[in-house]
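**Q** Curious how this folds, go ahead:
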Amino acid sequence: MASTDLARLDGQSALVTGASSGIGRASAMALAAAGASVAVNYRGSPDEAEEVVAEIEKAGGRAIAVQADVSKEDEVIAMFGEAEDRLGPLDIVMSNAGIQKDAAIGEMSLDDWNAVISVNLTGSFLVGREAIKRFRAKGRRSGVSRALGKLVFDSSVHQVIPWAFHVNYAASKGGIHLLMRSLAQEVAEEGIRVNAVAPGAIATGINVEEREEDASGIKKLIPYGRIGDPEDIGRIVAWLVSDAADYIVGQTIFADGGMSLYPGFRGNG
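**A** This next block holds a predicted model:
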C-alpha cells in the first residue's frame, strides 16, 4: 500500500452506533468518504438513518441502516450479525451512541442515573466486546489494513473535566476512558487497535438547549474561540482508524478547541 493511500479505507467495512445524527452521522460520512462501507446504527430514528444512507450512496459509497439499542445485549449481537451479513466482516467499529439526562444531584433519579450509564458505559462495553469477538473471528486481511481491527470510543472532555449537575454523564465518560485503555492493554498484542476521541463542545442535538441559552458563555471555555462541528470529529475518526494512524494504541485524542486546557486558569485564574 503506497504511503499516499494510508488514509484510505477502501475494501473495509465499518459499524457506527448512534449514527443517525450528530457526531455519529459525521463519522459515518467521513468513513464512507474514505472508502469504507458503513452500517449506520440507530435506535429510534429510522428516517434519519435512511437519510444518512442515502447521502452516502449519492456520493458513491455503500451503506445500510441497522436498528439496535446498544444497552441491550441481544440487540447488539443481532446488530453486528446483520451488519456482517450485509457488508461482510467488520474492520472498523465506532461506539458512539450516548445520551444525557441532567439534574442536580439532589434531584437526579436512579432511573436517570441508570439510563445514562446503561447506554453510554454499558453500551460501550457491549459494543466493544462484540467488536473484538468479530475481529478475532475475521482474522487479518492482507492488503486491506495493517491492524486486525480498529475500535474507537466516543468519549468526552468530561472524562477528565468534572461536570456539576451532569454527574451521570461525566461518570459514564470517565468509565469509557479506562474501559478503552484496559481493552487496548488486553488486545493490542493481537493487532487490535483501541482508541478514543474526546470531543469538547460540539454543535449537536444533545446540547442544542445549552447552546441556545448561552453560546457566548460556552465559547469562553474554548480558547480557540468556536464551538466545534460534528465534521471536526468525523475527520479525526476516519484518520484514526486508517493505516496513517497505525501506531496509535490506547490513546484519547482531545478535539475540543483547547477546552481541556482549563482556560479559566490563564493568568493565574
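**Q** all contacts plus neighbour counts: C-alpha atoms, from now on.
**A** OK.
**Q** What ranges does this structure have for its strands?
**A** Listed in chain order, the strands of the chain (DSSP state E) span 13-16, 37-42, 63-67, 92-95, 149-154, 192-199, 252-255.
**Q** how close does Ala59 sit to Val53?
**A** 10 Å (CA to CA, to the nearest Å).
**Q** surely His177 meets Gln159?
**A** Yes - shown here, His177 and Gln159 form a contact pair, counting by CA atoms under 8 Å, at 6.4 Å.
**Q** more neighbours, these two?
**A** His177 (26 against 20; other CA atoms under 10 Å).
**Q** Could you pull up the residues touching that one?
**A** Ser155, Gln159, Ala196, Thr252 (CA atoms under 8 Å, 6 or more residues apart in numbering).
**Q** would a markdown table of the residues you listed with pLDDT and distance to Trp239 be doable?
**A** Output for the contacts of His177, formatted as a markdown table (pLDDT from 0 to 100; distance: CA to CA, whole Å):
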| residue | pLDDT | distance to Trp239 |
| --- | --- | --- |
| Ser155 | 98 | 17 |
| Gln159 | 97 | 22 |
| Ala196 | 98 | 12 |
| Thr252 | 98 | 13 |
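**Q** Which of these has the largest number of neighbours?
**A** Greatest neighbour count in these, by other CA under 10 Å, goes to Ser155: 30 neighbours.
**Q** just the strands of the chain: most buried one?
**A** Most buried of the strands of the chain, by mean neighbour count (mean count of other CA atoms under 10 Å): strand 37-42, with a mean of 29.
**Q** For stretch 28-41, give the mean pLDDT please.
**A** For stretch 28-41, mean pLDDT is 98.
**Q** and that stretch, how far out from the chain's middle?
**A** How far stretch 28-41 lies from its chain's middle: 13 Å, per CA atoms, centre = their mean, to the nearest Å.
**Q** before we move on, what about stretch 192-207?
**A** Mean-position distance between stretch 192-207 and its chain equals 6 Å (CA atoms, centre = their mean).
**Q** List every C-alpha atom in it, with coordinates, as PDB.
**A** The C-alpha trace of stretch 192-207 is given here as PDB (Å, rounded to 0.1, in the frame of the first residue of the first chain):
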ATOM      1  CA  ILE A 192      -6.500  -4.800  17.500                       C
ATOM      2  CA  ARG A 193      -6.100  -1.100  18.000                       C
ATOM      3  CA  VAL A 194      -8.400   0.500  20.600                       C
ATOM      4  CA  ASN A 195      -8.600   4.300  20.900                       C
ATOM      5  CA  ALA A 196     -11.000   7.100  21.700                       C
ATOM      6  CA  VAL A 197     -11.800  10.600  20.700                       C
ATOM      7  CA  ALA A 198     -12.900  13.200  23.300                       C
ATOM      8  CA  PRO A 199     -14.900  16.000  21.800                       C
ATOM      9  CA  GLY A 200     -15.500  19.300  23.600                       C
ATOM     10  CA  ALA A 201     -18.400  21.500  22.800                       C
ATOM     11  CA  ILE A 202     -19.800  20.200  19.500                       C
ATOM     12  CA  ALA A 203     -22.900  21.600  17.800                       C
ATOM     13  CA  THR A 204     -25.200  18.600  18.000                       C
ATOM     14  CA  GLY A 205     -28.800  17.900  19.100                       C
ATOM     15  CA  ILE A 206     -27.700  16.700  22.500                       C
ATOM     16  CA  ASN A 207     -26.700  20.200  23.600                       C
END
